[in-house]
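1. What follows is a predicted protein model with its sequence.
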Amino acid sequence: MMRKTLTLTYGILILLTLATALISNSNAPVAIIMGISSIKFLMVAFQFMELKKANLFLKTSLSLTLTFIVLVILLIR
């Protein structure tokens, strides 16, 4: 079961990376690219770094920090 989940996550990450590459060649808004990148970051953090087993504070602080960084980048741009 665990191996199947990891394979599925890896496949989704590859698809999201390909989507980002295709979108970056067009005049897509930066917010879309940042959104896809955020999803990829959270998938890696929770699945491969096993943050899903961490306590609620660590999960929340990571998500809030990511949100803050993305918002700052979008506001500066």
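-> Now that the structure is in, tell me what you want to look at.

2. thought residue 16 was touching residue 33?
-> No: applying C-beta atoms under 8 Å as the test, residue 16 and residue 33 come out as separate, 10.6 Å apart. C-beta coordinates here come from the backbone N, C-alpha and C atoms, glycine included.

3. Could you list every helix and strand that the top helix by length along the chain packs against?
-> Assignment by DSSP state H gives helix 2-24 as the longest helix of the chain. Using 3 or more C-beta pairs under 8 Å, 6 or more residues apart in numbering; DSSP states H and E, the elements in contact with helix 2-24 are helix 30-43.

4. In the helix it packs on, which residues are buried?
-> Using 16 or more other C-beta atoms under 10 Å as the test for burial, helix 30-43 gives 34, 36-37, 40.

5. quick one: contacts of the following helix or strand past that helix?
-> Moving toward the C-terminus from helix 30-43, the next helix or strand (DSSP states H and E) is helix 56-76. Helix 56-76 has contacts (C-beta atoms under 8 Å, 6 or more residues apart in numbering) with 30-31, 34-35, 38, 41-42, 45-46, 51-52.

6. now, the most widely separated pair of these?
-> Within the contacts of helix 56-76, 30 and 52 form the most distant pair, 28.8 Å apart (C-beta to C-beta).

7. burial count for residue 72?
-> Neighbourhood size, residue 72 [other C-beta atoms under 10 Å]: 10.

8. Next one, pLDDT for it please.
-> Listed pLDDT for residue 72 reads 96.

9. who's in contact with residue 45?
-> 51, 62.
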